[in-house]
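Chemist: Quick one, what's the 3D model for this:
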Amino acid sequence: MSNLEIFAVLVSVIGVGLTILRHMWCWWFNLLAYILYGYLFFEYKLYGEVILQFIFLIMNFYGFYFWLKTKQEQQDIRIEPLAINHLVLQMILAELFGLLFGFTLKTFTNAAVPMLDAQLAAFSLLATYWTSRKYIATWPLWVIVDIIYVGMFMYKDLYLTAGLYAAFVIMALYGWKKWKAVKANQSNAVLL
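Modeler: Here you go, the predicted model:
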C-alpha cells in the first residue's frame, strides 16, 4: 500500500459519490483518479487497466460535455432509458472487444492477467459510456464488474484498491437505487 494508492482511493470514492449524486464535479475528481490509477496500474503491470485509464480520460471529457449540455437544456441531469436491443448489442460488442484486446495483451506484453484485465477494461468502458449517457443500466453493470475487480486486485496484492472496489460495489448498488428513484420521479413529473 503506497501513498499513491491511498490518495487514488480517496479521490475515486469522492468521484463515484458525486456521480451517484449527479453532481458535475464528479467529472473532475474522476479525471484525477484516472491519472493516479493509470500510473499505479503501470507499476503493477496491469496494462489493460493503464489503457483503460487513458480511455477513461477521453470519455471523461465526453461525459462532462454531455451532462453539461443536458443540464443547460433541461436544468437537470435526467436519467435516460436504454433499449434492450441496444443493451444486448453493446454487451456483445464489449465482449468481442475484450477478447481482441486480451489476445493483444497476451501476445505483445508481459501483462499479469491479460484476458481478465482486458474483459474488465472492455466492460468498464461500456459502463462509463452508459454513465455518460445517464443510462440507469450503468449501475448493475458496475456492480458485476466491480465484484470481479475485487478478486483481480486481491490477486495482485493491491488490497486497498480491492477494498475500494468492494466499496464501489456498495456505492453502485446505492447509485442504482438512487437513480431508480430519480427516474420514477421524472416519469411521475411527465404524467402530471
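
Chemist: can you give me the helices in the chain?
Modeler: Across the chain, reading from the start of the chain, the helices by DSSP state H fall at 3-20, 26-43, 47-74, 84-108, 114-132, 138-155, 159-191.

Chemist: Turn those helices into TSV, including mean neighbour count and mean pLDDT.
Modeler: The way it works is simple: take the backbone N, C-alpha and C, and place the C-beta from them, glycine included. Formatted as TSV, the entries for the helices of the chain read as follows, by neighbours: other C-beta atoms under 10 Å; pLDDT from 0 to 100:
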stretch	mean neighbour count	mean pLDDT
helix 3-20	18	94
helix 26-43	19	94
helix 47-74	17	85
helix 84-108	14	95
helix 114-132	22	93
helix 138-155	19	96
helix 159-191	16	88
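
Chemist: list the contacts for residue 64?
Modeler: With contact set as C-beta atoms under 8 Å, 6 or more residues apart in numbering, residue 64 has these partners: 24, 27.

Chemist: Roughly how far does it sit from residue 107?
Modeler: Noted for residue 64: a distance of 35 Å to residue 107, by C-beta to C-beta, to the nearest Å.

Chemist: now residue 31
Modeler: 31 Å.

Chemist: same question, residue 148
Modeler: The gap separating residue 148 from residue 107 is 23 Å, by C-beta to C-beta.

Chemist: again with residue 8
Modeler: If you measure residue 8 against residue 107 using C-beta to C-beta, the figure is 29 Å.

Chemist: Check residue 44 too.
Modeler: From residue 44 across to residue 107, the span is 20 Å (C-beta to C-beta).

Chemist: Distance of residue 54 relative to residue 181?
Modeler: 34 Å.
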